[in-house]
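K.L.:
need a 3D model of the following:
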Amino acid sequence: MVDRMETRGTVGPDTRESGWALPVAVVLLALVLLLVVVRAAPPVPKPESAPATEFSAGRAHRILADLAGDGRPHPVGSPENAGVRDRVIATLRGFGYTPEVQTGFACGRGGSCARVENIVARLEGSQPGPAVLLMSHYDSVGAGPGVSDDLTGAAAVLEVARILKAGPQPRNSVIFLIDDGEEAGLLGARVFADRHPAARDVKAVINLEARGSSGPSLMFETSGASGWMIPLYARSASRPNTSSVFAAIYERMPNDTDLTVFKQRGVPGLNFAYVGDVAHYHTPLDNLQNASQASLQHHGDNALGVVRELANADIASPPPGQAGFFDLLGLFVVRWNAGLALPLAAVVLVLVVAAALLGLRRAGLGAGTLVSGLIAFLVLVIAGGVAAFALNFLLNLGGLFRTPFLADPRPAAAAFWLLVLAVVLVVAGLFARRAGFLGLWGGTWIWWALLGLVLAVLVPGAGYLWLIPALVAGILGLLLLGLPGLRVWAAILPVLVAGLLWFPILTPLYQGLGAGAFLIVGVLLAIFYTALAPLAAVAGRSRRLISLAAVLLAIASVGLALATPQVTPDSPRGLVFQFHQDGDTGKARWLARGTPLPETVRQAARFQPQPGPAFPWSPPMSRAFAAPAPTIGAPGPELRVMQQGTAGGKRVVRLRLISSRGARSATLVIPKAAGLESLKIDGFPVLEPGAANQGPAFDYRFFAHLTLPGGGAEIEAVLGSAAPTDWYVMDSSPGLPPGGETLQQARPKTTVTFQDGDVTMISRKVRI
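P.N.:
Numbering: from 1, shown residues only. The predicted structure is shown next:
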């Protein structure tokens, strides 16, 4: 009966036989999504009474509480940071190590410089030479205590150090590095990698980080030829959470961690971080109370397991190559040689095309049906993408994205998932008669195979998201497309496989990217939902009911998203106060950085209605609200010209930068018109001077000394221009002067200081 109907023009199975398939697939996908979310949770923390050979979050949390001390911020060079350093050293000594403090001066790519103090300890292996490096950093930003970022990592490193010290001697040495100045530009890692004698022994690196205060410990980045490390991680991880897609995404983001330093040097490594409650990141809420012991347990389990494997593996001459990989529900890791991605993609494409053509031939249908299916795929993706863009526009118009991270992102996320589903199903229904089940099946999975082939070339670590479902579809298509009663399973099972692979990537994107992830997820969902198109072609009434329900639920989700508070005391918006005084004119201002400016703050000082450039050298996107402030009796910084001359036909200027009021941090602002060609601070060449500030929109380059000595710092600049230019110098100290407490008290509980925190700044203009 089905075949006779197909020859008369209805090119899919009878809806009376297959109308159940779409509802079943949607329900099963919802269950897969729930399973993925549940399995992504970090493990239950182990108590202090856990066996001494196992990582215990209870024991590590006790170390963490000791390191955090009174919970004050401890940026590089601060007395509080020295206190954390001393507590780390004392802990290592208590475990039987002899730690050393490596001191050095370094500058980061963005022009930030500081003197750092790294803590290094070594567990000697039975064989000399190659070593494994386990690292984290102990400094914080100025705004918060940095408990999760990264004292949690330091506590995990210390607990692992205790366990390994009490165990049998490993084959390879293990170096424990708890470095300084990461927040200032990876400075401690640079000092260790460039100047510590042990750095030449390091053949594998494990780094622990955080960008939030909860969530699973993701293995999100690899470095060097690290393909050989993935099996070791897979074997050691009791609850793996990883994907080469994460690594591919992070590779294209402007973010860095200490692993970046070793990545630049080609050292193989793995990077772990958790990103839940990202609104706590770099704020006072990154405190001991908000630090998740479950995340700490996951961090420690990952670190201990993979370091044990590396410590007893042959790391002197590992095989080259990269790997593609992903975990399946935290149960095990699937991995393959990245070089096989392209051949596999070619096989999958041939398999899917063969299955589609064979299915059409058995049904007596022509190539026009397949062409309709191929066109349908493009229309579905475009329609779903347009729906995602439209929804994103409306939510933005409604003011939902005034903060990068919503207090509760679930209603907005649900709206994207539901609306795109409804649009794809509706449009698929329009192609039901022309393309039918077989045409949509062939068009969908051929496109999936093609996309997998393209990604196998461009982003080998991400191609599996398309190739594995297409492979399953191709195999089932060859087996089932000729069997009218069973052919729907050639569409149901591949979409479930796709859900198992895609959902672990789609669900954490928001935590990593913020509100901007909604649109990205919506567009990706438009592609994902095309896998339901063949089932939509034969669903009939159930397709219309599911589409209607999805639209209604999406509308309800939008309403809930707009009605839900965007910020709460536990998920606040950033608001920073700064005091700035012009050291030349004596004029002073309060600056407030954060939009919109709360009314309570406007009432506390006479702020301008709209934000504007804070300083003459401010880049266009750096804007602040300004209000008059009383001057303070403090001198401005000095930039003394000590010597000028020429060398090699270039103008050479030697200066001394001094904070007369004893501020710990000072910034030198040099106009591009000076033709700066090189710069040294305290004799240290600033690598890539101002690299972060050299875009066409910037007229200045910035260099910061974050640990300015009382006697000042020596600056040597080589200039390509002999013409006089106006430079600026500004020093900075934490906190606000008297009168600032009024602003701080006016700060709503739904806002919080962040990054460098509230600071006092005095600037001067110097003619060079």
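K.L.:
look at the closest residue to G712 other than its chain neighbours and say how many residues are nearby.
P.N.:
Ranked by CB to CB, 6 or more residues apart in numbering and with sequence neighbours excluded, the top spatial neighbour of G712 is I658, at 3.6 Å. Every residue, glycine included, has its C-beta placed from N, CA and C. Number of residues near I658 (other CB atoms under 10 Å) recorded here: 22.
K.L.:
before we move on, what about G266?
P.N.:
Number of residues near G266 (other CB under 10 Å) recorded here: 9.
K.L.:
relative to L208, how far out is it?
P.N.:
21 Å (CB to CB, to the nearest Å).
K.L.:
now do L548
P.N.:
Using CB to CB, L548 is found at 48 Å from L208.
K.L.:
do the same with A647
P.N.:
In terms of CB to CB, A647 sits 45 Å off from L208.
K.L.:
who has more neighbours out of these two?
P.N.:
Neighbours were counted for A647 and for L208 using other CB under 10 Å; L208 has more, 30 against 8.
K.L.:
now the more buried one: which helix or strand?
P.N.:
L208 is part of strand 202-210 when elements are defined by DSSP states H and E.
K.L.:
do A592 as well
P.N.:
Assigned by DSSP H and E, A592 belongs to strand 588-593.
K.L.:
also M642?
P.N.:
strand 638-647.
K.L.:
contact partners of that strand?
P.N.:
Strand 638-647 is contacted from outside by 651-658, 660, 668, 712, 714-715, 718, 727, 729, 764, 766, 768, using CB atoms under 8 Å, 6 or more residues apart in numbering.
K.L.:
check stretch 18-33 too.
P.N.:
Counting by CB under 8 Å, 6+ apart, 12, 421, 425, 437, 488, 491-492, 495-496, 499-500, 503, 507, 532, 535-536, 538-543, 546 sit against stretch 18-33.
K.L.:
now the buried members of those.
P.N.:
Neighbour-count burial (16 or more other CB atoms under 10 Å) applied to the contacts of stretch 18-33 gives 12, 421, 425, 437, 488, 491-492, 495-496, 499-500, 503, 532, 535-536, 538-540, 542-543, 546.
K.L.:
in helices, which of these fall?
P.N.:
421, 425, 437, 491-492, 495-496, 499-500, 503, 535-536, 542-543, 546 (DSSP state H).
K.L.:
from those, which is closest to D86?
P.N.:
Ranked by distance to D86 (CB to CB), these are led by F503 at 45.6 Å.
K.L.:
quick check: mean pLDDT across the longest strand along the chain?
P.N.:
Assignment by DSSP state E gives strand 112-123 as the longest strand of the chain. Average pLDDT, strand 112-123: 97.
K.L.:
how much does the next helix or strand after it deviate in direction from strand 112-123?
P.N.:
Following strand 112-123 in sequence order, the next helix or strand is strand 131-137 (DSSP H and E). Computed by axes from the mean of the first three to the mean of the last three CA atoms, to 10 degrees, the angle separating strand 131-137 from strand 112-123 equals 130 degrees.
K.L.:
could you name the helices and strands sitting against strand 131-137?
P.N.:
Where contact means 3 or more CB pairs under 8 Å, 6 or more residues apart in numbering; DSSP states H and E, strand 131-137 is packed against helix 152-166, strand 173-179, helix 187-195, strand 202-210, helix 258-264, helix 293-311.
K.L.:
so for P748, which of those sits nearest?
P.N.:
When the helices and strands packed on strand 131-137 are compared for distance to P748 using CB to CB, the nearest one is strand 202-210, at 26.4 Å.
K.L.:
in the closest one, what counts as buried?
P.N.:
Within strand 202-210, the residues scored as buried using 16+ other CB under 10 Å are 202-210.
K.L.:
and the residues you listed, which is closest to A338?
P.N.:
Of all the buried residues of strand 202-210, A204 has the smallest distance to A338: 18.4 Å, by CB to CB.
K.L.:
now do the end-to-end distance for stretch 614-631.
P.N.:
17 Å (CA to CA, to the nearest Å).
K.L.:
which one's the longest helix in the protein?
P.N.:
Assignment by DSSP H gives helix 367-397 as the longest helix of the chain.
K.L.:
pick the most deeply packed of the helices and strands packed on strand 131-137.
P.N.:
Most buried of these by mean neighbour count (mean count of other CB atoms under 10 Å) is strand 202-210; its value is a mean of 28.
K.L.:
partner strands of it, parallel or antiparallel?
P.N.:
Looking at strand 202-210 with DSSP bridges, its partner strands are strand 131-137 (parallel), strand 269-274 (parallel).
K.L.:
any idea how far it is from the chain center?
P.N.:
The chain centroid and the centroid of strand 202-210 are separated by 16 Å under CA atoms, centre = their mean, to the nearest Å.
K.L.:
what angle do that strand and strand 173-179 make?
P.N.:
Orientation of strand 202-210 against strand 173-179 (the same axes, to 10 degrees) gives an angle of 40 degrees.
K.L.:
right, and Y510 touches L519 too?
P.N.:
No. Y510 lies out of contact with L519 (CB atoms under 8 Å); the separation is 11.1 Å.
K.L.:
on that earlier part again, make a markdown table from the helices and strands packed on strand 131-137 and add distance to V333 and mean pLDDT to it.
P.N.:
A markdown table is the format used below for these (distance: least, CB to CB, whole Å; pLDDT from 0 to 100):
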| stretch | distance to V333 | mean pLDDT |
| --- | --- | --- |
| helix 152-166 | 21 | 98 |
| strand 173-179 | 23 | 98 |
| helix 187-195 | 27 | 97 |
| strand 202-210 | 16 | 97 |
| helix 258-264 | 19 | 96 |
| helix 293-311 | 12 | 97 |
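K.L.:
between the ones you listed, which gets nearest to G636?
P.N.:
Nearest of the helices and strands packed on strand 131-137 to G636, taken as CB to CB: helix 187-195 at 26.8 Å.
K.L.:
now the phi/psi pair for the residue lying closest to P47 once chain neighbours are set aside, please.
P.N.:
Spatial nearest neighbour of P47, excluding adjacent residues (CB to CB, 6+ apart): G58 at 4.4 Å. When read as degrees, to the nearest 10, the backbone of G58 gives phi -60, psi -50.
K.L.:
G58 reaches L64, doesn't it?
P.N.:
No. Applying CB under 8 Å, one finds G58 not in contact with L64, separated by 10.5 Å.
K.L.:
neighbour-wise, which of the two wins?
P.N.:
Higher neighbour count among G58 and L64: L64, with 24 against 16, using other CB under 10 Å.
K.L.:
pull out the buried residues from the helix or strand containing L349.
P.N.:
Taking DSSP H and E as the criterion, L349 maps to helix 341-362. Neighbour-count burial for helix 341-362 flags 341, 344-345, 348-349, 351-353, 355-357, 359-360, 362 (criterion: 16+ other CB under 10 Å).
K.L.:
swap in stretch 38-48?
P.N.:
For stretch 38-48, using 16+ other CB under 10 Å, the buried residues are 39-43, 45-46.
K.L.:
ok, stretch 368-378 next?
P.N.:
Under the neighbour-count criterion of 16+ other CB under 10 Å, stretch 368-378 has 369-370, 372-374, 376-377 buried.
K.L.:
cool, and stretch 707-718?
P.N.:
707-708, 712-713, 715-718.
K.L.:
identify the farthest-apart pair in the residues you listed.
P.N.:
Going by CB to CB, the pair spanning the buried residues of stretch 707-718 furthest: T707 and V718, at 23.9 Å.
K.L.:
who's in contact with stretch 758-768?
P.N.:
142, 576-584, 615, 632, 634-639, 641, 653, 655, 661, 663, 674, 724-737, 740, 744.
K.L.:
now do the contacts for V472.
P.N.:
V472 neighbours (CB under 8 Å, 6+ apart): 493-494, 497.
K.L.:
quick one: which of those residues is nearest Q127?
P.N.:
For those, the nearest to Q127 is V497 (44.2 Å; CB to CB).
K.L.:
correct me, but that closest one touches P469?
P.N.:
Yes. Taking CB under 8 Å as the definition, V497 is a contact partner of P469 at 4.9 Å.
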